[in-house]
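# Here is the input, now give the coordinates:
(2 chains)
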Amino acid sequence: MLALSTRKGRSGASVVWALGSATMRAVITTVRVPLIRRPDQSPLGLGVCAGLADHVRVPAIWVRIAVIVFALTGIGIALYPVAWWLMPGPTNAAPARRFQARDTLDFAAYGLIALGVAELVRVLFGNVPWWVGLPMAAAVAGVVVVVALARRDAPGTPARPAEFVDALRTRPGRMTRAATAALLIVAGVAALLGSSDGWIAVRNGILALGVLFAGLALLLAPWLWRLSTDLIDERRARVRNEERADMAAHLHDSVLQTLAMMQRRADDPGEVVRLARRQERELRDWLQSGQQSIRPDGSTIASAFTALAAELEDLHGVPIEVVQVRDCPIDDRGSVLLLATREAIVNAQRHSGAASVSVYCEVDPAQISVFVRDRGRGFSRAEVRDDRRGIAESIEQRMERHRGRARVVSTEGIGTEVELVMPLEAR
Amino acid sequence: MTISVFLVDDHAIFLTGLRSELEADVNVLGAASDVDAAIELIIEREPEVVLVDVHLPGGGGVRVIREVVRRLPEVKFLALSVSDAAEDVIAMIRAGARGYVTKSIQAVDLVDAIRRISEGDAVFSPRLAGFVLDAFSSLPIGEVDPELDRLTAREQEVLRHIARGYTYKEVAASLDISLKTVETHVSSVLRKLQLSNRHELARWASDRRIV
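Predicted structure coming up:
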């Protein structure tokens, strides 16, 4: 509070003390929500207030108002950048919220609240010239203008705290910074010179020092920034090195081991092909997911087919090429289709003699179609012994029981194609 | 007369193997293992067909195709890669490649693909055919240019057969049309894929990475 200069000042000071210590207690005791910046929830893109609010679990607006009120004392202005510097950013860098027209209104509202509080303090405690709050208001306004300008220049780009400082480095930014710093210094000096008696002199001296410190902090901001970016660069390099080590470890555990196995099994071409296919699949999974051991969970048709092909390749050693067009969640009838497909693939692997099996699956709004094709020796239905009931039972009858259909076309010497169609429920 | 071919791949072992496999059937004019060397040598030696990998030091296969096509539009490209990511496949075709096959392709099929490319046809692997069907059907209905943004029923039918693993000849027999007609349909799909300027195509490809 700006003007704790009358005899009511003591009670004012104790209120501030009580408020401050309550806040500190809240900050210290609430440890479950980590104290990190939340640029994605912040209109300025700095996320200090939002992070603090998250941490102590109060609405962000209370923290913002509190910060602005503290800013009026001058100390808040110095503390804000320090807090921003000390608080770590979010680990998964969520893009900062873009500055919106609504935010300008918010800031205008905050500014009015701040001026209102300043006016209230002046009326209650008297003795303070009306213009003391102005430099602070100017500082807040200046910062808002600078950030707003920066956002307008680069729409759509994710904002970072760096943008704020970058904005300070631009020409309007430099001028605003210089003007604000000058105002703060002048205000500080004026407050220092304006004090008359001892108690007030000490109080105002502290206040003036706070304002001076804020001005200096603003002047030194770019230098402080460079210092912290150097630290960030160093941290980034370390992360990169760790990633490289992770990748080397993965390649060592997987690819190099497989290559060693392949050399030992060089006399068995089938086994070599199987090892190579398995390693290839594993590596592709890893590259695509960016992590180890994420397996398709089989919750959609496409992931179920991928998993099925992987399993049958390992089991029978004949490569399976899967082409998938569109996808949908798997239901009971999808599972039936999957079982029938499995039987068709196994037949092709075991009986056709083909070097590979092609599987094509297309999801339409009305149905799922699957084609399993091989270029093997083919067969004629008449020659299939009655005790071999795989096609009839496991494929045709199974599909028909669930209102699907199956068609097997085989030409001796050319190959076999199994077509499976399962209608989908109207969704 | 044998077809002149140039190879671009940064994997030395693969390049050596590929060269020895192809030398009996085509005239290998040379090979390069990075983008700048490839551009320079292709323009100097003017091969009929260039086999080009997707991932290359110095800008990738897409840059090789773009730079060469600008100066020598008659050179034809076949993308040959281990990558089967939709993003890579679609990018190479949109840059101007007339086909895409994976490196696991048999030598005899590769020679066949080279011959087809040199004659101005398109070469679609089953996977590429699947991508194209998926991409075109995923485009939102709205302001479409039916000439470029839609596949005809016949084109879809041909692509579906290729995705099922049919050769062009088998597609022709199955649909009871001539081989030439199949080639015409595939070339027409290739043209749509290259010329449709809907950014949804590119976005579809990059979305597929996340799935």
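
# in which helix or strand would I find the closest residue to B:Gly165 other than its chain neighbours?
Closest residue in space to B:Gly165, ignoring its immediate chain neighbours: A:Ser358 at 3.1 Å, by CB to CB, 6 or more residues apart in numbering or on different chains. To be clear about C-beta, it is placed using only N, CA and C from the backbone, and glycine gets the same treatment. Assigned by DSSP states H and E, A:Ser358 falls within strand A:357-363.

# Neighbouring strands of the following helix or strand past that strand in the sheet, and parallel or not?
If you walk from strand A:357-363 toward the C-terminus, the next helix or strand you reach (DSSP H and E) is strand A:367-374. Here the strand partners of strand A:367-374, with direction, are listed using DSSP bridges: strand A:357-363 (antiparallel), strand A:415-423 (antiparallel).

# Quick check: A:Met261 touching A:Leu275?
Yes - here A:Met261 reaches A:Leu275: they are 5.7 Å apart, a contact under CB atoms under 8 Å.

# Packing partners of the top helix by length along chain B?
Taking DSSP state H as the criterion, chain B has its longest helix at helix B:179-195. Under the contact definition 3 or more CB pairs under 8 Å, 6 or more residues apart in numbering or on different chains; DSSP states H and E, helix B:179-195 sits against helix B:86-95, strand B:123-124, helix B:126-138, helix B:146-149, helix B:153-163, helix B:168-175.

# rerun at 6 Å
Contacts of helix B:179-195 with other secondary structure elements, assessed using 3 or more CB pairs under 6 Å, 6 or more residues apart in numbering or on different chains; DSSP states H and E, are made with helix B:153-163, helix B:168-175.

# sorry, back to before: pLDDT on the strand holding A:Ser358, on average?
Strand A:357-363 shows an average pLDDT of 93 in the prediction.

# Where does pLDDT dip in chain B?
By pLDDT under 70, the low-scoring segments of chain B are B:1, B:138-147, B:197-211.

# returning to what we had before: quick one: the residue nearest to B:Gly165 and B:Tyr166 touch, right?
No - assessed by CB atoms under 6 Å, A:Ser358 is found out of contact with B:Tyr166, at 8.8 Å.

# list the contacts for the residue nearest to B:Gly165?
A:Ser358 sits next to A:321, A:373, B:165 when contact means CB atoms under 6 Å, 6 or more residues apart in numbering or on different chains.

# Pop the domain breakdown of chain B in here.
As assigned by automatic domain parsing, chain B contains the domains B:1-120, B:123-211.

# who wins for proximity to A:Arg350 among the ones you listed?
Shortest separation from A:Arg350 across those is recorded for domain B:123-211, at 18.5 Å, computed as CB to CB.

# so where do the strands sit in the stretch 151-300 of chain A?
In the stretch 151-300 of chain A, no segments count as strands under DSSP state E, counting those that start in this stretch.

# and it, which of its residues are near chain B?
Residues of the stretch 151-300 of chain A lying near chain B by CB under 6 Å from any CB of the partner chain: none.

# In the stretch 151-300 of chain A, what residue lies closest to chain B?
At 7.5 Å from chain B, A:Gln288 is the closest residue in the stretch 151-300 of chain A, using CB to the nearest CB.

# wait, what's in contact with that residue?
When the contact criterion is CB under 6 Å, 6+ apart, A:Gln288 has no partners at all.

# Would you indicate which residues of stretch B:130-140 are buried?
Judged by neighbour count (16 or more other CB atoms under 10 Å in any protein chain shown), stretch B:130-140 contains these buried residues: B:130-137, B:139.

# Using TSV, please lay out these together with distance to chain A.
What follows is the buried residues of stretch B:130-140, written out as TSV (distance: CB to the nearest CB, whole Å):
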residue	distance to chain A
B:Gly130	4
B:Phe131	8
B:Val132	9
B:Leu133	5
B:Asp134	5
B:Ala135	10
B:Phe136	10
B:Ser137	7
B:Leu139	12
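
# Between the residues you listed, which sits nearest B:Thr184?
Checking these against B:Thr184 with CB to CB, the nearest one is B:Val132 at 15.9 Å.

# Just the angle for the helix or strand hosting A:Leu308 relative to strand A:357-363, thanks.
Using DSSP H and E, A:Leu308 sits in helix A:301-316. For helix A:301-316 against strand A:357-363, the angle between stretch directions is 170 degrees (axes from the mean of the first three to the mean of the last three CA atoms, to 10 degrees).

# Paired strands for the helix or strand just after helix A:301-316, with orientation please.
Secondary structure here is assigned by DSSP H and E; on that basis, the next helix or strand after helix A:301-316 toward the C-terminus is strand A:320-325. Under the criterion DSSP bridges, strand A:320-325 sits next to strand A:357-363 (parallel) in its sheet.

# Can you show me the CA trace of the strand it pairs with as CSV?
As requested, C-alpha coordinates have been extracted for strand A:357-363 and formatted as CSV (Å, rounded to 0.1, in the frame of the first residue of the first chain):
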residue,chain,number,x,y,z
VAL,A,357,0.9,-63.0,-48.7
SER,A,358,-0.9,-59.7,-49.6
VAL,A,359,-3.7,-58.5,-47.2
TYR,A,360,-5.9,-55.6,-48.3
CYS,A,361,-8.5,-54.2,-45.9
GLU,A,362,-10.9,-51.3,-46.8
VAL,A,363,-13.4,-49.8,-44.4
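
# Let me know the angle separating that strand from helix B:126-138.
In this structure, strand A:357-363 runs at an angle of 0 degrees to helix B:126-138, with the same axes, to 10 degrees as the basis.

# buried set for strand A:357-363?
The neighbour-count criterion (16+ other CB under 10 Å) identifies A:357-363 as the buried residues of strand A:357-363.

# What is the nearest of those to chain B?
Using CB to the nearest CB, the shortest approach to chain B within these belongs to A:Ser358, at 3.1 Å.
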